[in-house]
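Q: any chance you can model this:
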Amino acid sequence: MQQTHGFFNVNNRQLYATLYTPDNGAPDTALVLCEPFAEEKRCAFRMLVRLAEAIVDKGVAVLRFDVSGTGDSCGTHAEALWENWQEETVAACDFALKATGARQLALAGFRSGALLAAYAATKTTCAKLCLVEPILLGSALIKELTLRQGIQSMMNAKTAQADGKPAEQALPEGYQDFGGFVVSPAMSEAISKAELIADCKALPKETSIQLIRVSGGKNFPPNWKPLVELAQASPNGQTLIVADKPFWGQVDYFESDAVITPIILFLT
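A: Got it, this is the predicted structure:
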């Protein structure tokens, strides 16, 4: 396995990426990973690195990258735009294919990253699409983050009051702070319009879909039914429920082999 670290350019935005390539020549498939949002990205980091290292040993090249305003890529989170993230994900697919010489493209989206992966899959020739515990609606993501931040802000205010410290500084109008990740009104509005199922319906018929739910339950949620049906109707499509801890919410580094193994089997 070889690892190459560096930047690629998308409309004058420098994006940091790590490319994993197998030692035995040009791979058949290049996989682009679309990571979760904000704090969930941190929590999932170790598992995604583990996935990349494990699957490259099976002859699949992997590209991990930071969209603008995150990680080591250019810009700040407050400046980030959803439209840019969509464009950057499509560009990452093109970069992965050209850099590796792979014959076909695969995308894997985790949590909110599924929204970007599915969008990119409609704009590229994607052979396989993995959706892992996906967020179905961008509006649901914003609602969840807002609720979570409201609880955290209340706790911070009580702690600050007890310690005699000043309250949190106010943000510009319309901006929201989600656990230290500031989001602009334009970003929130654009994310809220994202719909995973709509993008999956627009996929080419030849795209295979793998849908993974990570839960202790035995059934998919009712609102997942259209997505389950799309995955099952796709060529060699797969739907499964994995009983494991939520990889997107662990404080310590967490590597979920229960999630990694079926992804590798699906892609290879």
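Q: switch to C-alpha atoms for all contacts and neighbour counts from now on
A: Fine.
Q: and residue 53, what helix or strand is that in?
A: helix 39-56 (DSSP states H and E).
Q: now the element after that helix, going C-ward?
A: The helix or strand immediately downstream of helix 39-56 is strand 60-65, counting by DSSP H and E.
Q: what's in contact with that following strand?
A: Outside strand 60-65, the residues that touch it by C-alpha atoms under 8 Å, 6 or more residues apart in numbering are 15-22, 27-34, 52, 55-56, 92, 96, 100, 102, 268.
Q: packing partners of the helix holding residue 53?
A: Secondary-structure packing of helix 39-56 (3 or more C-alpha pairs under 8 Å, 6 or more residues apart in numbering; DSSP states H and E): strand 13-21, strand 60-65, helix 257-267.
Q: swap in 7 Å and give it another go.
A: Packing partners of helix 39-56 (3 or more C-alpha pairs under 7 Å, 6 or more residues apart in numbering; DSSP states H and E): none among the helices and strands.
Q: which residues are in contact with it?
A: The contact list for helix 39-56, computed with C-alpha atoms under 7 Å, 6 or more residues apart in numbering, reads 1, 20-22, 35, 62, 247-251, 253-256, 260, 264.
Q: pull out the buried positions in it.
A: 39-49, 51-56 (16 or more other C-alpha atoms under 10 Å).
Q: repeat for stretch 78-88
A: Neighbour count says stretch 78-88 has 78, 80-82, 84-88 buried, by 16+ other C-alpha under 10 Å.
Q: with stretch 252-268 instead?
A: Neighbour-count burial for stretch 252-268, counted by 16+ other C-alpha under 10 Å, picks out 254-256, 259-260, 262-264, 266-267.
Q: quick one: least confident helix or strand in the protein?
A: helix 138-163 (a mean of 71; mean pLDDT, DSSP states H and E).
Q: picking up where we left off before, filter the contacts of strand 60-65 to the buried ones?
A: For these, buried by 16+ other C-alpha under 10 Å: 15-22, 27-34, 52, 55-56, 92, 96, 100, 102.
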